[in-house]
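A.B. asks: what follows is a predicted protein model with its sequence.
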Amino acid sequence: MGAAVGAVAGLLVGMALWSAGNLEGQLADAHRELASLRYGAIDETHARVAAALDAAWPLPGITARQRADLDRQVLAARYWRGQYEGLQPERDETGAVIETDVEMLLVKANAAYRRATGSETRAITLAGLDEAMRQYADVLRAAPGHTDAAYNYEFAARLRAAMSGDRATDIRRADDDAAPATPSDLPDGPTLHGRPGAPPAGTDMRQFQMVIPMSPDERRAVPERSGEGERPRRRG
């Protein structure tokens, strides 16, 4: 009887660990799709992993970590696709942040900054920068040594000070019509690599010279040390 109970317990533990390993593989697939900018397939992958997590046998520590990993991936995918609306930190009735994941708080603070800099009016931009600075401060309260949050807070504060002065500048991006065409191997819209670069409109690229590396024969013809080359000929 004891051997039978031990065998059943071992079988149950083995099935639970197999389920956890399968979920780890699916999470890795989702990471790969996000890193390779396959945004069209990542929503379906996230939904499949979420359903598998709901049906999986809970393992102490493992299932919670996998759920947190999935939540971070979903949030990152929404951020890099420019879906900033709705990316707000969870707060209680007094306005205090109740989230504990520092990295998710940072992504949501970055989304607040993006919303602010994409506003149409200066007043809305200034109010949005205030909210972004507030969220960066929440990250620093949760993790005082967070370098990225500290840098972004200082950057947003300086930007707000510059826009509040008499010589305020327009920080909004150019219109989408003026933006360069997206290469065929990239998805439309923002990605984690930013927007595709291009020369400013009206720039004459012929004034720039292209530097071409020398061929092996040309490199061999160049003396390695000074004084080894051909003597210069005197004129006249």
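C.D. replies: Perfect, I can see it now.

A.B. asks: Asp71 against Met104, yeah?
C.D. replies: Yes: look at Asp71 against Met104 with C-beta atoms under 8 Å: they come within range, at 6.9 Å. Using the backbone N, CA and C atoms, a C-beta is placed for each residue, glycine as well.

A.B. asks: which one of these two is surrounded by more residues?
C.D. replies: Met104 (20 against 14; other C-beta atoms under 10 Å).

A.B. asks: shouldn't the more buried one be in contact with Leu70?
C.D. replies: No: using C-beta under 8 Å, Met104 is not in contact with Leu70, being 11.7 Å away.

A.B. asks: what stretches of this protein score poorly on pLDDT?
C.D. replies: Within the chain, the stretches with pLDDT under 70 are 5, 8-21, 40, 55-61, 63, 166-197, 223-232, 236.

A.B. asks: now do the helices in it.
C.D. replies: 2-35, 39-55, 62-80, 102-117, 122-142, 147-164, 216-221 (DSSP state H).

A.B. asks: select, out of these, the one closest to Gly86.
C.D. replies: Judged by C-beta to C-beta, the one of the helices of the chain that comes nearest to Gly86 is helix 62-80, at 8.0 Å.

A.B. asks: next, the buried residues of the closest one.
C.D. replies: Going by neighbour count (16 or more other C-beta atoms under 10 Å), the buried part of helix 62-80 is 62-63, 66-67, 69-70, 73-80.

A.B. asks: do you know how far Ala127 is from Gln135?
C.D. replies: According to C-beta to C-beta, to the nearest Å, Ala127 and Gln135 sit 13 Å apart.

A.B. asks: who has more neighbours out of the two?
C.D. replies: When Ala127 and Gln135 are compared for neighbours, Gln135 comes out ahead with 25 against 14, by other C-beta under 10 Å.

A.B. asks: that one contacts Arg114, correct?
C.D. replies: No: counting by C-beta under 8 Å, Gln135 stays clear of Arg114, with 11.8 Å between them.

A.B. asks: would you map out the domains in the protein?
C.D. replies: 7-83, 91-172 (automatic domain parsing).

A.B. asks: could those domains be laid out in a markdown table, adding distance to Ser215?
C.D. replies: As requested, the domains of the chain are arranged in a markdown table below (distance: least, C-beta to C-beta, whole Å):
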| stretch | distance to Ser215 |
| --- | --- |
| domain 7-83 | 36 |
| domain 91-172 | 45 |
